[in-house]
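>>> please work out how this folds:
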Amino acid sequence: MGYLIRFGNSVLATLRVSDMTRSAVGEPGGILNPKAGEKKFQLSRLLPSEDLKFFVEHYWVVTWDLRDQEPYLSENLPYPTVHLVIEKEKSNIFGVITGKFSVLLKEKGRAFGVKFRPG
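The predicted model follows:
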């Protein structure tokens, strides 16, 4: 199993599950109102393989199923680093954010992200 990283119709890279290790990354520190968030979404964080540790801090996957529920505004204070975020219909690269980051979660979805190491 793996993830294809695409730009338009072009495949830029393939990320295999073997490129990630299931290890404890520690508790996420930037999520605002984490108790409410636990009821609305699930967050998994995975360490990169040894080959990618120089560039990648960790991978993360957020899933939610809010069908028949009100949308949920997820907010966090991100660590100042770059993230690649991939969702079903879109992908983005986010640079350093100097304030609160918010995203409205609705219906059912998931996002895969790469948190790069600073520097």
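
>>> what ranges does this structure have for its helices?
Taking DSSP state H, the helices of the chain run over residues 34-38.

>>> quick one: the strands in it?
Secondary structure of the chain (DSSP state E): strands at 2-7, 10-16, 20-21, 41-48, 56-65, 72-76, 83-86, 91-94, 101-105, 108-116.

>>> please identify which of those strands is closest to Gly29.
Evaluated over the strands of the chain, closeness to Gly29 peaks at strand 72-76, with 9.0 Å, by C-beta to C-beta. Every C-beta, even on glycine, is put in place using the N, C-alpha and C of the backbone.

>>> show the average pLDDT along the closest one.
Confidence for strand 72-76, expressed as mean pLDDT, is 94.

>>> which secondary structure elements does it contact?
Helices and strands touching strand 72-76, as assessed by 3 or more C-beta pairs under 8 Å, 6 or more residues apart in numbering; DSSP states H and E, comprise helix 34-38, strand 101-105.
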